[in-house]
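Fold the following, please.
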Amino acid sequence: ATANIASLLDASRARPDATRVERVFTVIEALTRDQRDLSLDYKISKLGVSRGSWEAQVIDAIKPEGDEILLPKTSSSVFVSTNISYVLRSLGVKQLVICGGLTDQCVESAVRDACDEGFLVTLATDACVAKSETAHGRSLDAIAGYCRRKTTAEIVD
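Purely as a prediction, here's the structure:
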């Protein structure tokens with residue numbers, strides 16, 4: 001999935017109108033060092049990542065560049081625990097390409113919530129990852145009505 005995410009980023013950055021294609025990144029990262037602001041699910045699952053920690057960094061192969069936006073999130077859905085909807089609307093964004101991990105958790109939540117917020121969503125199916133191919137496939141089937149499902153090659157072309 002990482003190579004496909006990198007391909008999507010490279011293609012969007014190389015567009016002549018690259019400044020009009022916003023790239024927004026999210027990471028699981030508490031807003032506090034003691035993680036008291038995490039969602040109940042993250043607390044129970046011990047999925048907390050402290051503010052400013054190494055674990056909250058985006059891996060080098062797909063990290064933000066320049067003035068690209070990075071939002072820390074404290075729950076499964078970026079739309080629940082950040083101001084991403086406000087940010088996207090302020091930027092004039094109407095369509096999203098979503099990718100990342102885990103397909104059956106954070107990605108699925110983002111797809112459903114983005115659709116409910118009125119965004120046209122495309123899911124890069126091969127730029128997402130789950131703990132198993134079975135979980136990945138089930139998630140793709142479950143969110144079929146919420147998004148267009150396309151491969152990285154189909155999106156980039």
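
ok, and for the helix or strand of the chain with the lowest mean pLDDT, which residues are buried?
The weakest-scoring helix or strand in the chain, judged by mean pLDDT, DSSP states H and E, is helix 40-45 (a mean of 91). Judged by neighbour count using 16 or more other CB atoms under 10 Å, the buried positions of helix 40-45 are Tyr42. Quick note: C-beta positions are derived from backbone N, CA and C, even for glycine.

List the neighbouring strands of the helix or strand following it plus their orientation.
Reading on from helix 40-45 to the C-terminus, the next helix or strand found by DSSP states H and E is strand 69-73. Strand 69-73 pairs in its sheet with strand 24-28 (parallel), by DSSP bridges.

gap between the partner strand and the chain center?
Distance, stretch centre to chain centre, for strand 24-28: 6 Å (CA atoms, centre = their mean, to the nearest Å).

Can you list the low-confidence ranges for this structure?
18-19 (pLDDT under 70).

and the helix ranked longest in the chain, what does it pack onto?
Criterion DSSP state H: the longest helix present in the chain is helix 2-14. Other elements packing on helix 2-14 under the criterion 3 or more CB pairs under 8 Å, 6 or more residues apart in numbering; DSSP states H and E are strand 95-101, strand 120-129, helix 152-156.

Most tightly packed of these?
Of these, the one with the most neighbours on average (mean count of other CB atoms under 10 Å) is strand 120-129, at a mean of 22.
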